[in-house]
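Trainee: I'll drop the sequence and a predicted model, then ask my questions.
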Amino acid sequence: MSSRYLIFEDGTIFVGDGFGSPAVTFGEVVFNTSMTGYQEIITNQIYDNQIVTFTQPNIGSYGIQRNIYESIEPTIKGVIVRSLSNVATDNVRRMTLDRYLKQMNIPGITNVDTRAITHKLRNADHPLKGSIVPVPDDHAFDQLHATVLTNQQVAQVSTPKAYPNPGVGLSVVVVDFGLKNGILRELSRRKCNVTVLPYDATAEDIMRLDPDGVVLSSGPGDPHFVKSSVLQMIQEVQQHVPLFAIGLGHELFGLANGAQVTALPVEHHGMNHPLHEIITDHVVYATQGEGYTIDPNSVDRSKLFVTYRDMIDNSIQGLRHRRYPAFSVQFFPDGAPGPDETDGLFDEFVDTMKRKEERR
Amino acid sequence: MVNKQQTILMIGAGANDIQHGDEVDSATFSVAHQLHVAGYRTILIDNNPFSFSLDNRQVVDHCCIGPLTVEHLLEIIDKYHPTAILPTLGNRQAFLLTQELLDKGVLRQKNIHLLGVPEATIRQINNPVLLEQTFRQMEAPMKKIVTVNNYQDALQEADLIGYPVIVRSVWPKSNSTRQIVHDRNDLSSAVKKCLDQSRAGQIFVQQSLAGYKEIEVVVQRDHTGTMMMLSMVEDMDPIGIHAGDSIAFNPAQTLLDRQIQDIRDVAFAITRKLRIVGINHLQFALDPASDKFYVIKNSPYFDRMVAFVEQSTGYPVAEVCAQLYTGKSLREINLGDNFQPHAALMEPTMDHIAARIPVWAFEIDNFDEQLLGTEKRSIGTVFGIGRSPAEALFKAIESRYHEPTDFHLNTQRKLNEDQIVDRIVHPHAGRMFTLLEAMERGYTVEELAEMTKIDPFYFDQLNQMRLVLRELQEHPGKEPVLNRAKKMGLTNRLIARLWGMEPSQVYQMTQDHDLTLKYKEIEPSAGEFDQHTATFYSAYEDENEATTLSQPSALVVGTGGIRLGLSNSGDFFLASTLTKLHELGYHTIVINSNPSSITLNREIADKRYIEPPVPENILSVIECDQPQMIFIPASYTDLVAELQKYDLQAKIIEVPDDRMLSNEAKEHPLLSLNFLFDGHQAHFIASTSDLLSATDFNYQSTQMRTPAEIDSQELTSLMKSSTEVITSREKVGFYQVVFEQVGDNYQPLVVQAIPLPEIAFLSKSTGINWPAQLISLIVDQDTQLTFTGDDQPAIYRATFPFKALGLSDGRPSASLIIGAQMQILN
């Protein structure tokens, strides 16, 4: 392994060893405190434009597995980890994490003080841009300063064409804002007949398929930069069919119903925060990955009510519409990785669709 | 749940044995402390002379020294009228005792609440057949198991299940007997042995899970039903080797998220079903080939795993549990300013790796022949924390101070090819070192994984360890490899041996190359929040989080993993030391590597370092914290000698944990007079005399009474001569004058430091914490000692690990004790 450097705009340099692709990479640096599921995290498209620091000090210990991808073409910009294991345990390809990242053109840096990096990110008042480079010279810093990260991330990662994921049950349209396979997996478990549509599908495109329900997927980036026609689509669709929105989908659902969304000074990625399920008064755990949050003061209580709260930072984690069978969560109820205590939300969605179907 | 002003009866764990060490004492101390702060009264019943909690009237209102029997419990209940009983601080034994109380109707009659576990759960934990029924009803994944009472049925069932099968006793008489049976030929002897050991005349015949991954989970639940997973720990060695004898990692290293979540769901379902409030430790077997897993054990009480989880995550398990016992819910618990609000509800997440390794009874168990199996052979554990699995493992290995690593490596080199294979297939205490040697000789990971059923990941780690060891040997005295070795957790001692140098030379090299330790705090949010536990581990990295402690300060080096002859009396001594130093205004620091040790308890010291006890670590802490005094176990002779080479601005005080003169069985009883010498005056502590062993018909210094049975005139004369001898000494300390009684004649044998086990015993019999008195003198030699005790005649009986280790020829001696019981004579 050769020396590589993680540099920040303020001039901070961390020295480590390179792995994965040798390319230079730029992105927002975030940290993820999950202790499990590195492959699922790396392949989650919410990390488009981002370099992820694993606080868990060792990843790669079971290599790459064929059946736990969250997307086929990961869009993550880079991986930072304290210690890397070079192991392959799948049966055919003998794929290590290092080899996989090389193939996918994703750079990584290891043997760096990830706890120090986490402290730096935690103490900042806004997300920090960083770069993984072979030489931390003026040129590298100039390039970092000059880099403008695109805000059209959803357009980048969403499928350009509709495709089916057939099942024998209820028909569901999934609008892809940067889809995570976990959502499809949960719908498959419930035998749903799924059609995935591009993010800019109109209400008309959706209703033409006559779905029993619609899922707004999770995805990367700032919801304000997603085409405003998407909000119109949501406003229209929620009046006709059950709607379930996750992650970025939840933020868009909030915006479409008049709420404001604000950027977090420190992004939150992990799976250990207690979440208050207000209707049952239970505490549950789920995977979270968020850079934006619904402003509680902006929620129009005559339209929406809050269903989940993060008990640590008190952020809104779930909303439900008062008039329509539409609900949303900020966290990932499909797990992958993470606790599956909230996967009942998919059952609830299916039940809602069934009830609607029966009343027809 | 209980209200304030109520009294909680805690059942203690009794003498330390091969299954349990100091962890229950440590948990008891935390729980009692929390209950005390919350305004509850507490009663502790125990007979362990080395228990620190049992000596501490500041946190326990009524310390009742006496046998752990239902009769004694009834006596105590009648005397103190507890309103609640807590059975989770005394291992399985406390569950059995509680059930006896339930059966007698005492708890209902006297309206005594049960804390932590409901009655039905006590009965299920005590009866594996009931527990299994419950698990099967709730469709928890279970291995195939049947109960039979004769050989013919056993044979038939074993054929159905398929070999290998495991045979074990139902409700065993003493030690649980488990036998792996590989074919029909071995079955009959196993059946006979286990039937003999069963109080119910029944045995289990069960599917063997040998070769599967062993996974341990600690779950916490409150009375409202909120549950969280505190940790999932993975054993490196597969099932077939007792979990306590395996190397273990927190967090689990080789499990897919899917497997972890499935196991978590089952652990939650069981904990919910059993209505546990507090902690539950569950063990699972995972078949990596099929993703199938099986519940193998459920222990809803404080044990070594809970201690390991608390120390390795920084989550204050015992403190939180105590509050759960008082009826609080997790969301009502406030952990104070050092934690985020609602931190009690945050599942611990780690940004370091903890490796736990077993400590063996070298003195009596032959290292080369010691085969590992389903019965525990190790007597304790130590752990290491690092930023990579290999670093954590090296630190853990180097924490076994009395077992030098290179010794193990050298032993392996002498093995021939057949021996290597034999040792890999038939695991023994040092298999990890054999695996390193096998990799050195060119065995592939696939071959080794197949032979051992150890996950390939661990061979990747072992390979990193092997490479750094080889690099060191090939490049003596070179900086780049030194840098790499230090980052992987190797001690100067090990590097020096591989280089044929002195550790001090290696230390000088690290200084010359600016290889200085940085400290990371062990807190349960992985750096997400600004939380503080004042517990640190070292890493060769960028950021340092440890700041200098306020002055004056004192550093205590723990006695490390449990050792025969010392048991936990070292922990008693040092916990007393730390408490007294704190009382005298010192800020206290402890370095230790035994996750069970009470010295790592947050209420005992101000600051903790989880580090191997080697000079460079001590020097680094001294530099950081500037202590005026350093307490070091005298048995760490190399460490003491090494430290004396440096110009320390601190006084070194040796803690007398050495082996004492070998008091083998004698024809004549020994009599000891024990004193604390303050530099001018010898303060009499107590006299002891040996008891005649009932089984061996000889006198043993492992069984004694106080005061000694001696004519008072004779005593006066011995006191006079002893006092003269001791007052002629230079050093302040504990002294023991030993006499041999021949007829009516007392012949002086030796003057020595009082062994630590006896100091702990006499502190309890006299009602005076003697280590604390000594500390007053060490801090200020002019201290006028004032102590009032309540001298009670008492008996001390040491216990030995021979039976648990299957050693028929073990001979009791003071240097081989693993625990002790004491009794107050009224």
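Mentor: Arrived safely. Numbers count the residues shown, from 1 in each chain, chains lettered A, B, ... in the order given.

Trainee: and residue 112, what does it touch?
Mentor: No chain in the question, so chain A it is. The neighbourhood of residue A:112, defined by C-beta atoms under 8 Å, 6 or more residues apart in numbering or on different chains, consists of A:6, A:14, A:15, A:16, A:80, A:82. In this view, the C-beta of every residue, glycine as well, is placed from N, C-alpha and C.

Trainee: could you do chain B instead?
Mentor: Residue B:112 makes contact with B:9, B:77, B:82, B:83, B:84, B:85, B:106, according to C-beta under 8 Å, 6+ apart.

Trainee: which ones are touching the last one?
Mentor: Under the criterion of C-beta under 8 Å, 6+ apart, the neighbours of residue B:106 are B:74, B:77, B:112.

Trainee: so how far is chain A from it?
Mentor: According to C-beta to the nearest C-beta, to the nearest Å, residue B:106 and chain A sit 36 Å apart.

Trainee: excluding its backbone neighbours, what's nearest residue B:429?
Mentor: Excluding the flanking residues, the one nearest residue B:429 by C-beta to C-beta, 6 or more residues apart in numbering or on different chains is residue B:370, at 4.6 Å.

Trainee: neighbours of the one you found, just the number please.
Mentor: Around residue B:370 there are 18 other residues, counting by other C-beta atoms under 10 Å in any protein chain shown.

Trainee: Any idea what residue B:168 is bridged to?
Mentor: Taking DSSP bridges, one obtains residue B:178, residue B:204 as the residues bridged to residue B:168.

Trainee: re the thing from before, Serialize the contacts of residue B:106 to TSV and add fields for distance to residue A:266, pLDDT and secondary structure.
Mentor: Formatted as TSV, the contacts of residue B:106 follow (distance: C-beta to C-beta, whole Å; pLDDT from 0 to 100; DSSP: H, G, I helix; E, B strand; the rest coil):
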residue	distance to residue A:266	pLDDT	secondary structure
B:74	58	97	helix
B:77	54	97	helix
B:112	49	96	coil
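
Trainee: Pick the one among these closest to residue B:233.
Mentor: Comparing these against residue B:233 with C-beta to C-beta picks out residue B:112 as the nearest, at 34.5 Å.

Trainee: buried ones in the helix or strand residue B:685 falls within?
Mentor: Residue B:685 is located in strand B:682-692, with elements delineated by DSSP states H and E. For strand B:682-692, burial by neighbour count (16 or more other C-beta atoms under 10 Å in any protein chain shown) applies to B:682, B:683, B:685, B:686, B:687, B:688, B:689, B:690, B:691.

Trainee: ok, now stretch B:151-165?
Mentor: Applying 16+ other C-beta under 10 Å to stretch B:151-165 flags B:154, B:155, B:157, B:158, B:161, B:164, B:165 as buried.

Trainee: now chain B, which segments are flagged as low pLDDT?
Mentor: Applying pLDDT under 70 to chain B flags the ranges B:1-5, B:175-176, B:366-369, B:407, B:659-666, B:693-698, B:700.

Trainee: Please apply the same query to the stretch 1-150 of chain A.
Mentor: For the stretch 1-150 of chain A, applying pLDDT under 70 flags the ranges A:1, A:90-93.

Trainee: In PDB, list the C-alpha atoms belonging to the very next helix or strand once past the strand holding residue B:685.
Mentor: Next along the chain after strand B:682-692, taking DSSP H and E as the criterion, comes strand B:699-706. The C-alpha coordinates for strand B:699-706 follow below in PDB (Å, rounded to 0.1, in the frame of the first residue of the first chain):
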ATOM      1  CA  TYR B 699      -2.400 -29.000  59.000                       C
ATOM      2  CA  GLN B 700      -2.700 -26.600  56.200                       C
ATOM      3  CA  SER B 701      -2.200 -22.900  56.100                       C
ATOM      4  CA  THR B 702      -5.100 -22.700  53.700                       C
ATOM      5  CA  GLN B 703      -7.500 -23.300  56.500                       C
ATOM      6  CA  MET B 704      -7.200 -21.200  59.500                       C
ATOM      7  CA  ARG B 705      -9.000 -19.500  62.400                       C
ATOM      8  CA  THR B 706      -8.700 -16.200  64.100                       C
END
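
Trainee: ok, and what's touching whatever helix or strand comes next after strand B:699-706?
Mentor: Remark: after strand B:699-706, the chain's next helix or strand is helix B:712-727, criterion DSSP H and E. Outside helix B:712-727, the residues within contact range by C-beta under 8 Å, 6+ apart are B:671, B:673, B:675, B:677, B:680-682, B:684, B:687, B:708, B:710, B:735, B:737, B:739, B:744, B:746, B:748, B:751.

Trainee: And helix B:712-727, how far out from the chain middle?
Mentor: Counting by C-alpha atoms, centre = their mean, to the nearest Å, helix B:712-727 is centred 40 Å from the centre of its parent chain.

Trainee: before we move on, what about stretch B:746-761?
Mentor: Averaging C-alpha positions (C-alpha atoms, centre = their mean) puts stretch B:746-761 26 Å from its chain's average.

Trainee: which parts of stretch B:214-229 are buried?
Mentor: By 16+ other C-beta under 10 Å, the buried positions in stretch B:214-229 come out as B:214-223, B:226-229.

Trainee: What's the end-to-end length of stretch B:640-655?
Mentor: Using C-alpha to C-alpha, to the nearest Å, the end-to-end distance of stretch B:640-655 comes to 11 Å.

Trainee: Which positions in that stretch come out as buried?
Mentor: B:640, B:642, B:643, B:650, B:652, B:653, B:654, B:655.

Trainee: Which ones among the residues you listed lie within helices?
Mentor: Here DSSP state H is the test, and the buried residues of stretch B:640-655 give B:640, B:642, B:643 as lying in helices.

Trainee: Not counting residues beside it along the chain, what's closest to the first one?
Mentor: Pointing back at residue B:640 there. residue B:632 (5.6 Å).

Trainee: can you check the second one too?
Mentor: Using C-beta to C-beta, 6+ apart and skipping residues adjacent in sequence, the residue nearest residue B:642 is residue B:615, 4.2 Å away.

Trainee: Now, of the contacts of residue A:112, which are buried?
Mentor: Neighbour counting with 16+ other C-beta under 10 Å marks A:6, A:14, A:16, A:80, A:82 as buried within the contacts of residue A:112.

Trainee: just how off-centre is stretch B:122-142 within its chain?
Mentor: Remark: stretch B:122-142 is offset 28 Å from the chain centroid, using C-alpha atoms, centre = their mean.
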